[in-house]
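S.K.: next come a sequence and a model predicted from it.
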Amino acid sequence: MNYKKEESLISGAPIISKKRPILIKYKDFLLTENIDSDKSQEKAFKPETKFTKVLLRVLLSLCSAILILTSLISCTQLSWKSDIKSVNNSIEKRLNSQKWTDIFDNTTDITYGQSPPWYPTPKGGSTFKWVESYKKAQKLVNQMSLIEKVNITTGTGWRMGLAVGNTGPAIHVGFSSLALQDGPLGIRYADNITAFPAGITTGATWNKQLMYSRGKAHGKEARLKGVNVLLAPCVGPLGRMPAGGRNWEGFGADPALQGIAAAETIRGIQEEGVMASIKHFIGNEQEHYRQSYETHNNENALSANIDDRTLHELYGWPFQNAIKAGVASVMCSYQMVNNSYVCQNSKLMNGYLKDELGFSGFVVTDWPAQKSGVASALAGLDMSMSGDRLRLGDGESFWGAELSKSVLNGSVPLDRLNDMVTRIVAAWYQLGQDDRTKFDGKGPNFSSWTKNRTGVISPGSPDDKEIVVVNHYVKAQGTGNETHSTIARQVAIEGTVLLKNTGILPLSSDNMLKNQAKIRIGIFGEDSGPGKGPNFCEDRGCNQGTLGSGWGSGAVEFPYLISPATALKKDLDGDKYTVTLYPYNKLPSNTSASILKEQDICIVFANADSGEGYITYDGNEGDRKDLFLQKGGEELIKDVANGCGNSYGDTIVVIHSVGPVIMESFVHNSNIKAIVWANLPGQESGNALTDILLGKENPSGKLPYTIGKSLDDYGPGAKILYNSSLAVPQLTFEEGLYIDYRHFDKYDIKPTYPFGFGLSYTKFQYNNLVVTKVLEKSELPSPRPIGANPPTYPSTTLDAHEALFPPGFRKLKKYIYPYITNITEVKEGDYPYPDGYSDVQSPSPAGGDEGGNPDLWNIYASVSIEITNVGRVPGKEVAQLYISFKDVEFDDDSRDIDFPVKVLRQFEKIHLDVGETKTVQFHLNRRDLSYWDVTKQNWVMPTGGCITLIVGASSQDLKLS
């Protein structure tokens, strides 16, 4: 590929102009061209009949206002059909000579980014840590029939099995069906599991050990429930948009925080023998228009247009950490990146994931994110979930029988199918799932579709009438000292952030008793109470009662949810306190004379909720419609603060939220003595909060994002694209590297509370920063090493008769099978492969092993500091290490590279007793000290001038440099 100036490319891509749909006729099928931009099909298809020409003109006139229509095409005899054609060479030259702002100018002649082709798919098995697993997989796959291979790659359909995703088995070689199950904070739809705090709460702990422990407990529960692949963790969305619906599933709005948290989580999950599937790869930053036909009846998902450097340094960064950690699976997202659907984007899957990052596992779709058959196979997709084509449960598939036909007719090489299956089976071996003492091969011991003991295995089919035991009610939450509720509670405690405290916390009756016998505490707000129960709404799709998680497939059934009101009343009601509960958001007109006036302390609760795009609540279509507290929370806070104790009482504000909220109307209210940011605490919500408020635990959480004074503070790129008139909505990441605190730094915007901020009941002092050089600086990493030899398979002549349904086979309606019905369905032909398919691709110099070039992970510098607890109580502190390239120099004066003011690279959390001093060590690898150079297509470490190292208690409270 021809890569030119820094920051001027969309993944090194040419661009396409706005144009009308191109209709093609091929093998008697009239098709609307799919907007997919691997540039795989540039040959001109022409109508072959007079009728087709007339029809073409009619349809074009009807569609004159439409940018591009999507064709979702079976791969039966249509070859790899999927990609946009005819990219003009002059446009490519124009892109390579233009700057970012020229490409995305606000004119009527809009041009958009395009993703270049990268074929063929690199074979798995070249990384040495996976060599033995690939040898075993090769031996097993070599014994499989075509039908068994296809069976493993294709889901059986929505609700066609006990898990949310189920593959077919390869019975005669002993490979059982795989069960794939959500999600990032617990086992979705399962009984006897733990509802852990959300990812955003886990990120707010900044505690690597807790991230690992939570992951390990999560993985153990998945294993005990018979789940092979856990659809977690989530690092996409990254948090570009503070109102993004699913930000709460991830760990925070910074790639280093997300990447470290993801790696620790994966390590924990996979130590239990469960495959982790990191998601959503990549650019899935909002719910509006994330997929076709969800809330806006749009035929196409949006295109997230991301430049090459931003892809590497921001959105791809945590995925690189995950692959370095050995993650078994990557889930590709619904939407497009650079006008190519991610699940058939050859540049991203083949070029980036499998070549540059050395990913040895398998790529699986989101449910259902597959948009084509052969195109997705050739672009690097390995598994289709749920197997359905366009809609969950429609019983049609791009793969299954269609993949069998495509291999038989030659439009998908058998070699590519072998690689798909080998990747899946190698991951199975890599996690030890062939060990029947851990995985009995019987599948899940619970049903995702009923809580009853008995039911059918495939309720998605009207033909399945056989009643069997589907729920065995296996207890998975741990016992004794190993109970997972203890981990959940500790994550909730350390994920709670103290934003404001003028001395009221921790609550102490000794310091507060006046003339009355008891301290009177009033607890206000719907968010304080149990509401109608934690599981009242399906997939937690409504905001009622206390908020423990967001909504969607990332949520779980709470085994219980301790509300703050319940826990506080239990711990406070007694000799020293009297507690009054008012779990409502609207105060009656006479309340100021009674409930409010009679309180010494008022604790008021409010929240903000969001979730996945298939659910809309109170006008929030997945994404939040604004950054304000919901259900009148802001007015409630102000009313309580102004009326508590007849204006002489003290108010404590507790907020549960999926992300930042605007607090300017009350944050400076002098009656508000404390603000506690409790995030999404999971099942132990009330217990964790009570521990903080009463001083049983010292708050140690830090914000995993910036809380701004207004949405505008975050910049134009932070705003959700709520409406689009384009057939393919375009979401251009024009801000590049500047999201969250990076944007605030660049434009010198003062936030309400900065990224990384959090108070404690004690104080810490930082001293003695020492930097130790470990390796000499050099501009480029060591040359890419030669990897292991991937498996090879002997040439095989396939017999289409072996793919037919066996005689007397009983079919279930809507179940997706690999078998074909009639031998005449397989038609041999000279099917064209995508343009660029036969091009020789140069291996990326940034690649060479899991996570990329091994030199990227070598330690080049170490940093140490001393921290002392100079306060009155024990506590935990998070030291944050940022780097700055402001003083680097280049030999070439013409190089003008823009760098953020600073970026987070490492962090450590330590516990300190009163007066105790500890040394904190940070280790910086080559990638930490480099930037992505789009010209060199490599990570470049500046060797001239100085890289500045900064240690602080937040992104604004910088102690040492």
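M.R.: Received, thanks. Residues are numbered from 1 along each chain as shown.
S.K.: out of everything not next to it in sequence, what's closest to residue 923?
M.R.: residue 859 (4.8 Å; C-beta to C-beta, 6 or more residues apart in numbering). No exception for glycine: its C-beta is placed from N, CA and C like everyone else's.
S.K.: so what's the one you found up against?
M.R.: For residue 859, the contacting residues are 774-775, 923-925, by C-beta atoms under 8 Å, 6 or more residues apart in numbering.
S.K.: need those in TSV (columns: distance to residue 429 and secondary structure).
M.R.: Below are the contacts of residue 859 laid out as TSV (distance: C-beta to C-beta, whole Å; DSSP: H, G, I helix; E, B strand; the rest coil):
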residue	distance to residue 429	secondary structure
774	35	coil
775	35	coil
923	32	strand
924	34	strand
925	29	strand
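S.K.: which residues does the residue nearest to residue 923 form a beta bridge with?
M.R.: With DSSP bridges applied, residue 859 shows beta-bridge pairing to residue 925.
S.K.: quick one, grab the pLDDT at it.
M.R.: Looking at residue 859, its pLDDT is 99.
S.K.: now it: how far from residue 942?
M.R.: Look at residue 859 and residue 942: by C-beta to C-beta, to the nearest Å, they are 18 Å apart.
S.K.: any weak-confidence spans in the chain?
M.R.: 1-112, 295, 509-516, 590-593, 893-894 (pLDDT under 70).
S.K.: tell me the domain ranges of it?
M.R.: 1-114, 128-448+457-469, 481-729, 765-784+856-960 (automatic domain parsing).
S.K.: so which of these is the most packed in?
M.R.: With neighbours defined as mean count of other C-beta atoms under 10 Å, those peak in mean count at domain 128-448+457-469, which reaches a mean of 25.
S.K.: got JSON lines for the domains of the chain, with distance to residue 790 too?
M.R.: JSON lines is the format used below for those (distance: least, C-beta to C-beta, whole Å):
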{"stretch": "domain 1-114", "distance to residue 790": "22"}
{"stretch": "domain 128-448+457-469", "distance to residue 790": "7"}
{"stretch": "domain 481-729", "distance to residue 790": "34"}
{"stretch": "domain 765-784+856-960", "distance to residue 790": "16"}
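S.K.: looking at those domains, which is nearest to residue 828?
M.R.: The closest of those to residue 828 is domain 128-448+457-469. By C-beta to C-beta, the value is 5.7 Å.
S.K.: please compute how far the closest one lies from its chain's middle.
M.R.: Chain-centre distance of domain 128-448+457-469: 11 Å, with C-alpha atoms, centre = their mean, to the nearest Å.
S.K.: and the end-to-end length of that domain?
M.R.: 43 Å (C-alpha to C-alpha, to the nearest Å).
S.K.: now, which of the contacts of residue 859 sits nearest residue 496?
M.R.: Nearest member of the contacts of residue 859 to residue 496, counting by C-beta to C-beta, is residue 923, at 28.6 Å.
S.K.: name the SS class of residue 910, please.
M.R.: strand (DSSP: H, G, I helix; E, B strand; the rest coil).
S.K.: quick check: closest non-adjacent residue to residue 425.
M.R.: residue 137 (3.9 Å).
S.K.: restricting to C-alpha, output the helix or strand hosting that neighbour in CSV.
M.R.: Applying DSSP states H and E as the criterion places residue 137 in helix 131-141. The C-alpha trace of helix 131-141 is given here as CSV (Å, rounded to 0.1, in the frame of the first residue of the first chain):
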residue,chain,number,x,y,z
VAL,A,131,2.3,-24.2,18.3
GLU,A,132,1.3,-27.3,20.3
SER,A,133,-2.4,-26.4,20.2
TYR,A,134,-2.2,-26.0,16.4
LYS,A,135,-0.5,-29.4,16.0
LYS,A,136,-3.4,-31.0,17.9
ALA,A,137,-5.9,-29.0,15.9
GLN,A,138,-4.4,-30.0,12.6
LYS,A,139,-4.5,-33.7,13.5
LEU,A,140,-8.2,-33.4,14.5
VAL,A,141,-9.3,-31.2,11.6
